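[1] With the sequence up front, the predicted model follows.
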Amino acid sequence: MNLMKKIKNWLNRKNLACEIKLLLDSSQVLGEDHLLTGDMLKTFHIEDEPRRIEVIYLDTPARDYLKAGWVSRIRVKEGKAKYTITYKMRYPVQDSDVDAALAVAQADGLSLRESPYPAEIDWGYAKMTLSFAANAEVKTEKTPDLSQLTPAQAVQMAVDNLPAEVKDQNADGLEKERLKDIQAVGPVRFLRYEGALGKQDVRIEVWPIPTESGDIQYTAELSRACKNLMEAAEIRIKLMEKLDKLGILVHGDNLKTKMILKPEQ
């Protein structure tokens, strides 16, 4: 079954949203200050200053949760007086076969009809990932600073606000003896620009990611949220063609979470 036929079969899943995620050539789109260049601001019709967001990830030193498909993170957005905690389960989509990934998720107790988590497909240059995510919010009096949050406090916050469904999914992995091993990675502070490419509204995020050598690698990613896979299929092709003409599309994928957590091979 070819890709377009598969996409048509997925259309009956109206709650399966999609986010297109395409890497941009940082050497072409960022200046020496690691911000989008003036030419890129014009190209993407960006007029406002980027929003500053910081995030920390929670996992064991051996990255047990990441290896099992779970990602837990705490985010703080500039000007927002709250922590946003996200618990996400990811499933790789092999050969564009979303049905197979959904079957694996359903075996884990996650289905589109019954799951309390919003489901989404992340669609990059060559790879697809199915994810189910739950969010919790912790309000504060003013915008918090993640650098002031100790690892123990971050872990406790994530545990205290864990949705019941996530507890069920992690019943074997949240014993107290393992919780003490969880560490906070970050904070990583990135920028989010809001703009457009042609008629398509897009976001561009610039992430400073530490490397093994201690240097910082700046990664630029363009994203576009879509209602479903059929819409995403059409928009993705148009975006890729335009980015290619600009000479700034990276022909490949790289998951930021893995780049930051650096799981052992």
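    Good, I have the coordinates.
[2] in the stretch 151-265 of the chain, which spans are strands?
    183-197, 200-210, 216-226 (DSSP state E, counting those that start in this stretch).
[3] same deal with the stretch 1-150 of the chain?
    Going by DSSP E, counting those that start in this stretch, the stretch 1-150 of the chain shows strands at 16-24, 51-59, 70-77, 82-93, 119-123, 128-139.
[4] Nearest to Val250, out of those strands?
    Closest approach to Val250 among the strands of the stretch 1-150 of the chain (C-beta to C-beta): strand 16-24, 3.8 Å. C-beta here means a position set from N, CA and C on the backbone, and glycine is covered the same way.
[5] which other helices and strands contact the closest one?
    strand 119-123, strand 216-226, helix 229-246 (3 or more C-beta pairs under 8 Å, 6 or more residues apart in numbering; DSSP states H and E).
[6] Highest mean neighbour count out of the ones you listed?
    Comparing the helices and strands packed on strand 16-24 by mean neighbour count (mean count of other C-beta atoms under 10 Å), strand 119-123 comes out on top with a mean of 21.
[7] what's the angle from that strand to strand 82-93?
    Relative orientation of strand 119-123 versus strand 82-93 (axes from the mean of the first three to the mean of the last three C-alpha atoms, to 10 degrees): 70 degrees.
[8] Tell me which strands strand 119-123 pairs with, and in which orientation.
    Here strand 119-123 is paired, per DSSP bridges, with strand 16-24 (parallel), strand 128-139 (antiparallel).
[9] What ranges in the stretch 1-150 of the chain fall below the confidence cut-off?
    The model of the stretch 1-150 of the chain has pLDDT under 70 over residues 1-15, 111-117.
[10] any chance of the strands of the stretch 151-265 of the chain in a markdown table, with mean pLDDT and distance to Arg75 too?
    Listed next are those as a markdown table, based on pLDDT from 0 to 100; distance: least, C-beta to C-beta, whole Å:
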| stretch | mean pLDDT | distance to Arg75 |
| --- | --- | --- |
| strand 183-197 | 94 | 9 |
| strand 200-210 | 95 | 12 |
| strand 216-226 | 96 | 15 |
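[11] To Ile216, which of the strands of the stretch 1-150 of the chain lies closest?
    Comparison of the strands of the stretch 1-150 of the chain against Ile216 by C-beta to C-beta identifies strand 51-59 as nearest, at 14.9 Å.
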